[in-house]
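**Student:** With the input below, show me the fold.
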Amino acid sequence: MGINQNYKLNIIQWYPGHIAKAEKNLKEQLKSVDVVLEVRDARIPLSTRHPQVPEWVGSKARVLVLNRLDMVSPQVRQLWTNWFKNQGEEPYFTNAQQGQGVAAVSKAAQAAGVAVNQRRKSRGMLPRPIRAVVIGFPNVGKSALINRLVGRRVVESAARPGVTRQLRWVRISQDLELLDAPGVIPAKLEEQEAALKLAICDDIGEAAYDKQLVAAAFVDILNHLYATAGDVLPDCPLRSRYELDSTSYTGESYLHALAELRNQGDLERTASQLLTDFRKGLLGTIPLELPPQ
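**Tutor:** This is a model prediction of the structure:
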């Protein structure tokens, strides 16, 4: 990935107690659902995949949701769709803030749960609504997706007997119920490069990290993508926005040059500006990952 070796230092610190609690809650939630909606960030579909998800989800049906479709170009979406289909998965792209793609996710969740009621029927039991939960990293858009799925079609919201009281189910349709609290994937990653991308995209939740290192890493990743797949990226986003091209710099030296040019050498302010502009989409539709060749 052409990333400076300094990043091997653990620049991102998580809080272990917080993680243990999140993991316990997640396992509790997963016991009582039929279908798991796993939400990832469309800019970093691989880094927002938690290595333990298959183990946690087990044999339950899973629907893959790639949120923030507005932050990547249609061309990049197509590349990921093809790649995931080759892996035997169908990704559903959404913009949960605006509601795009959400109806298809609701349908997919119902379809994924059909087998549950077939099993119930074969045992002489009556069908019941499929129960789903939304899981994913802290800021990937889980709550927005839940709000969109629930919409104004809430028929009832009831704590089920026999299920921990905090689990509240919202009836979305005759056939689907949703746990109204998202399941948070604990974000302790051994993989620092994935952790960096989570920090750049602001998907990391409660963690401490060095903004300047993260902003410099962002520029390094961008330069690397331009060198390897420039045709699917917007044209010179940093030059367009800041009148300073990054390709002849390392991430760190670019940060210094940009700080001199725009903020009287204030590195912290420059790092914040770079990250905020990227997160708000002001640099254009920039993916930080493309499908592995």
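**Student:** In the helix ranked longest in the chain, which residues are buried?
**Tutor:** Assignment by DSSP state H gives helix 211-229 as the longest helix of the chain. Neighbour counts over helix 211-229 (16 or more other C-beta atoms under 10 Å) mark 211-223, 225-226 as buried. Quick note: C-beta positions are derived from backbone N, CA and C, even for glycine.
**Student:** Pull the most distant pair out of those.
**Tutor:** Based on C-beta to C-beta, the longest span within the buried residues of helix 211-229 runs between 211 and 226 and measures 22.7 Å.
**Student:** ok, back up a step: export the longest helix of the chain to PDB, keeping only CA atoms.
**Tutor:** C-alpha atoms of helix 211-229 as PDB (Å, rounded to 0.1, in the frame of the first residue of the first chain):
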ATOM      1  CA  LYS A 211      -4.900  13.700  13.500                       C
ATOM      2  CA  GLN A 212      -1.700  14.800  11.700                       C
ATOM      3  CA  LEU A 213      -0.500  11.200  11.200                       C
ATOM      4  CA  VAL A 214      -4.000  10.200  10.000                       C
ATOM      5  CA  ALA A 215      -4.200  13.100   7.600                       C
ATOM      6  CA  ALA A 216      -0.700  12.300   6.200                       C
ATOM      7  CA  ALA A 217      -1.800   8.700   5.800                       C
ATOM      8  CA  PHE A 218      -4.800   9.900   3.800                       C
ATOM      9  CA  VAL A 219      -2.600  11.700   1.400                       C
ATOM     10  CA  ASP A 220      -0.300   8.700   1.000                       C
ATOM     11  CA  ILE A 221      -3.300   6.400   0.300                       C
ATOM     12  CA  LEU A 222      -4.600   8.900  -2.200                       C
ATOM     13  CA  ASN A 223      -1.300   9.200  -4.000                       C
ATOM     14  CA  HIS A 224      -1.000   5.400  -4.100                       C
ATOM     15  CA  LEU A 225      -4.500   5.000  -5.600                       C
ATOM     16  CA  TYR A 226      -3.700   7.700  -8.200                       C
ATOM     17  CA  ALA A 227      -0.600   5.800  -9.200                       C
ATOM     18  CA  THR A 228      -2.400   2.400  -9.500                       C
ATOM     19  CA  ALA A 229      -6.000   3.300 -10.500                       C
END
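**Student:** mean confidence score for it?
**Tutor:** In this model, helix 211-229 has a mean pLDDT of 95.
**Student:** and it, what does it pack onto?
**Tutor:** helix 192-200, helix 237-242, helix 251-262, helix 267-279 (3 or more C-beta pairs under 8 Å, 6 or more residues apart in numbering; DSSP states H and E).
**Student:** what about 6 Å?
**Tutor:** Contacts defined by 3 or more C-beta pairs under 6 Å, 6 or more residues apart in numbering; DSSP states H and E place helix 211-229 against helix 192-200, helix 251-262, helix 267-279.
**Student:** what's the least confident stretch among those helices?
**Tutor:** For the helices and strands packed on helix 211-229, where the average pLDDT is lowest is helix 192-200, sitting at a mean of 88.
**Student:** Going by neighbour count, list what's buried in that one.
**Tutor:** Going by 16+ other C-beta under 10 Å, helix 192-200 has these buried residues: 192, 194-200.
**Student:** which one of those residues is nearest residue 32?
**Tutor:** For the buried residues of helix 192-200, the nearest to residue 32 is residue 198 (28.1 Å; C-beta to C-beta).
**Student:** Next up, the contacts around residue 50.
**Tutor:** residue 185 (C-beta atoms under 6 Å, 6 or more residues apart in numbering).
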